[in-house]
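> Build me a model from this:
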Amino acid sequence: MTDLSTLKLFATHPHPCSYLEGLEATTVFVDPQAEIDPELYTGLSQRGFRRSGAHLYRPQCQGCSACISCRIPVKSFVPNRSQRRCWQQNQDLTLHLAESIDTDEHYQLYCRYIDTRHQDGDMYPPSIDQYRNFLTSEWGVTRYLEFRLQNELIALSVCDQLQDGLSAVYTFYSPDHEWRSLGKFSVLSQIEKTHQLGLNYLYLGYWIKNCNKMNYKIQYRPLELYLNHRWMMLR
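So this is what the prediction gives:
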C-alpha cells in the first residue's frame, strides 16, 4: 500500500462551483500515477475522498467547507416511514450484480436518464466515452447493481467495494418509473447489500446543506459526517 503521508496531491485552479451559485471551488486530486489498491482507496475514503472515473478527489476550497463527506453506519440504520413504503412498493423488482455495463442496454438507459434529468449539467449531452470514463474504474472494486422489472432494466447503481463498506458512485434509472422513487430504493438496496457483505458503511459522497439536490442524504439515519478530520454522528 502507498503511504498516505507520501501520496502526491494536485490542486485545480479555482473554477465556478457546481453546487453553490456564485462561489468558486478548488479540487484536490490524488496523483494519477499512484498505484491504487483497495486498502489505499479505503483509507482515502475514510479521509473524505471520492471517486470519479479513474480519479480520487476531494474539495479544498478557499474560505468554504460546505462539502461534507457522509456515510451510513448500516448496522444501526433504521428506515423511516417513507423509506419503508418505498421498499415495499419495489418488491416486484429483481436485483442482479452485473460484471459489466459496457452494453447498449445499459448505455441507452443512462442516456435517457441524462437527457431527462440533467440537461443543465456537465454530463449533458451524454457520450459513450464520458459514460465509460465516469462510471468504470481500473482497480477491480466496482460493482454494478441492476434493477429489473421482469426482464426490463429500469435502474442501475454503480458502487465500489471498500474494505469497510460500499461507496455509492452513481445511480441512473428510467424516467418511466418516477413513482417508484428508484433513487431512494437504490440507496436502500445498497444498504442491504452492504449488510449482506458483512461491511459497516455505505459512503454517500458529499452532503451540502444549502444544496437541495444533496438534501436527500440526511434522510438516512443515523448518518456520520466527516468534520475536522474525524467522523461524527449527525444529530
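
> use CA for all of it now, contacts and neighbours both
Fine.

> just the strands in the chain please.
Using DSSP state E, the strands of the chain run over 9-11, 15-16, 24-25, 27-30, 50-52, 55-59, 68-73, 93-98, 142-149, 152-161, 165-173, 201-207, 224-227, 230-233.

> Show me what the mean pLDDT comes to for the fourth one.
Over the span of strand 27-30, the pLDDT mean works out to 97.

> With the fifth one instead?
Predicted confidence along strand 50-52 averages 95 (mean pLDDT).

> and the strands of the chain as a markdown table, adding mean neighbour count?
Shown next, in a markdown table, are these (neighbours: other C-alpha atoms under 10 Å):
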| stretch | mean neighbour count |
| --- | --- |
| strand 9-11 | 13 |
| strand 15-16 | 12 |
| strand 24-25 | 18 |
| strand 27-30 | 18 |
| strand 50-52 | 20 |
| strand 55-59 | 20 |
| strand 68-73 | 24 |
| strand 93-98 | 14 |
| strand 142-149 | 20 |
| strand 152-161 | 21 |
| strand 165-173 | 23 |
| strand 201-207 | 24 |
| strand 224-227 | 19 |
| strand 230-233 | 14 |
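
> With distance to residue 127 added, can I get the ones you listed in JSON lines?
Formatted as JSON lines, those follow (distance: least, C-alpha to C-alpha, whole Å):
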{"stretch": "strand 9-11", "distance to residue 127": "27"}
{"stretch": "strand 15-16", "distance to residue 127": "23"}
{"stretch": "strand 24-25", "distance to residue 127": "25"}
{"stretch": "strand 27-30", "distance to residue 127": "24"}
{"stretch": "strand 50-52", "distance to residue 127": "16"}
{"stretch": "strand 55-59", "distance to residue 127": "19"}
{"stretch": "strand 68-73", "distance to residue 127": "29"}
{"stretch": "strand 93-98", "distance to residue 127": "21"}
{"stretch": "strand 142-149", "distance to residue 127": "19"}
{"stretch": "strand 152-161", "distance to residue 127": "17"}
{"stretch": "strand 165-173", "distance to residue 127": "15"}
{"stretch": "strand 201-207", "distance to residue 127": "24"}
{"stretch": "strand 224-227", "distance to residue 127": "34"}
{"stretch": "strand 230-233", "distance to residue 127": "37"}
